[in-house]
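1. Here's a sequence, model it:
(one chain, ligands or ions: 1)
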Amino acid sequence: MPLLDTLGIDLPILQAPMAGVASPAMAAAVSNAGALGAVGLGATDAPGARKTIAAIRDLTKRSFHVNVFCHRPAKPDAAVELAWLARLRPHFEPFGAPPPAQLREIYRSFLADEAMLAVLLADKPPVVSFHFGVPPPEAIRALREAGLVLMASATSVAEGRAAQQAGVHAVVAQGYEAGGHRGVFDPDAQDACLGTMALTRLLVRELDIPVVAAGGIMDGAGIAAALRLGAAAAQLGTAFIACPESNADAGYRAALASDAANHTVVTRAISGRPARCLSNRFTALGLEIPSQQVPSYPIAYEAAKALNSAAKAANETGYGAHWAGQGAPLARSLPAAELVATLAKELEQAAAGGR
Ligand SMILES: Cc1cc2nc3c(=O)[nH]c(=O)nc-3n(C[C@H](O)[C@H](O)[C@H](O)COP(=O)(O)O)c2cc1C
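-> Residues are numbered from 1 along each chain as shown. The predicted model follows:
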């Protein structure tokens, strides 16, 4: 069945699930406009997921998408964590706040969260996607049998093949241009950093299931290009950050509208996994730090969140996890439904040969 029918949508446009940024109001507005709205559940627990799913259902009768993180559970290492906190201490000092005494694994991986699987099986969000890996076969089987449509991010052909083999219905080809965390299954393996164009083409050729292109796609021309590459749809994250429905705070919105948007940086210093961020004080401090000195994901993230809170309390917004893709300067601050209608119109124009 063509992907749009499988997903229950009219337009080949997916709003990316963005933990911390996408809200139920955004997801519902996008779905009501004929695209696929989404939220990220990677930073919440099972009760939080249940509330989020119910909040979306209160606002739309249409299909929507939720996303979970399938990273290998964190590897605590007291020596690395203490050295990291000592390194961050001078950054806390100007704000009169000490770094946390120790760091914890603040989010549980879906791979170790039976309660989250139970919520998905009971509440049945229509579409579920996996980032950072895929769950074990029993979980995939149970979710498929419950009638859920499944997708997984892939940043390489090997990950795309593994996702297809695991039994998902579609693969999201996440190029290096993309904002937010790279979906790499193993953050310590060599990363070929494939761009969206090459990765989409490779996965379209290699896989038997539909491919959704993601990374640097900001407008109808970009969506049309992805479709021309053989993608069945495009997934856009950064394009939606400035929407009024987004949870991005004022500092994040200001940074997105500033020159920092022209200088995105992939860093693991914020969360412990590589992620693309608007250049700011945090990406600067992450430069040239060998990856083995950064605590494992999401242990490092606790320190980042503490530093950002201390800085924000002193009106310094430069330590935020301001995730954004390379297309950031093209972001528009339209209401989500209006943005979807604009993208659809631009796509039609681009398909007819315009720009
Ligand atoms: C602010 C932000 C948060 C993100 N959070 C998630 C997430 O929770 N789960 C996920 O699978 N992808 C997440 N991503 C990555 C997106 O799914 C997608 O790959 C990316 O947004 C595509 O690139 P673009 O931002 O250039 O459109 C996030 C991206 C951004 C910008």
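2. Next to the ligand, which bits of the stretch 251-355 of the chain? Give me the list.
-> Proximity of the stretch 251-355 of the chain to the ligand (C-beta under 6 Å from any ligand atom) is limited to residues 323, 324, 325, 327. Yep, even glycine has a C-beta here, placed from its N, CA and C like the rest.
3. What is the burial count for the closest residue to the last one other than its chain neighbours?
-> Think residue 327. Spatial nearest neighbour of residue 327, chain neighbours left out: residue 218 (3.9 Å); criterion: C-beta to C-beta, 6 or more residues apart in numbering. Using other C-beta atoms under 10 Å, residue 218 has 23 neighbouring residues.
4. On the three-state scheme, residue 218 is what?
-> coil (DSSP: H, G, I helix; E, B strand; the rest coil).
5. Now do it, the pLDDT please.
-> The confidence metric pLDDT takes the value 98 at residue 218.
6. Next: residue 1.
-> Listed pLDDT for residue 1 reads 56.
7. so residue 28 sits right up against residue 54, yeah?
-> No. In this structure, residue 28 is not within contact of residue 54 by C-beta atoms under 8 Å, at 11.7 Å.
8. more neighbours, the two?
-> Per other C-beta under 10 Å, whichever of residue 28 and residue 54 has more neighbours is residue 28, with 24 against 11.
9. before we move on, back to that, among the residues of the stretch 251-355 of the chain next to the ligand, who's most crowded?
-> Compared across those, residue 325 has the highest neighbour count, 30 neighbours, by other C-beta under 10 Å.
10. what's the closest non-adjacent residue to residue 230?
-> residue 204 (3.6 Å).
11. which one of the residues of the stretch 251-355 of the chain next to the ligand sits closest to residue 285?
-> Taking C-beta to C-beta as the measure, residue 285 lies nearest residue 323 of those, at 16.6 Å.
12. Who does the closest residue to the closest one other than its chain neighbours form a beta bridge with?
-> Spatial nearest neighbour of residue 323, excluding adjacent residues (C-beta to C-beta, 6+ apart): residue 180 at 4.1 Å. Beta bridges link residue 180 to residue 276, judged by DSSP bridges.
13. count of residues packed around residue 180?
-> The burial count for residue 180: 27, using other C-beta under 10 Å.
14. Now do the contacts for it.
-> 16, 18, 237, 275, 276, 323, 324, 325 (C-beta atoms under 8 Å, 6 or more residues apart in numbering).
15. Residue 29 contacts residue 245, correct?
-> Yes. With contacts counted by C-beta under 8 Å, residue 29 reaches residue 245, the gap being 5.8 Å.
16. Where does pLDDT dip in the stretch 1-150 of the chain?
-> 1 (pLDDT under 70).
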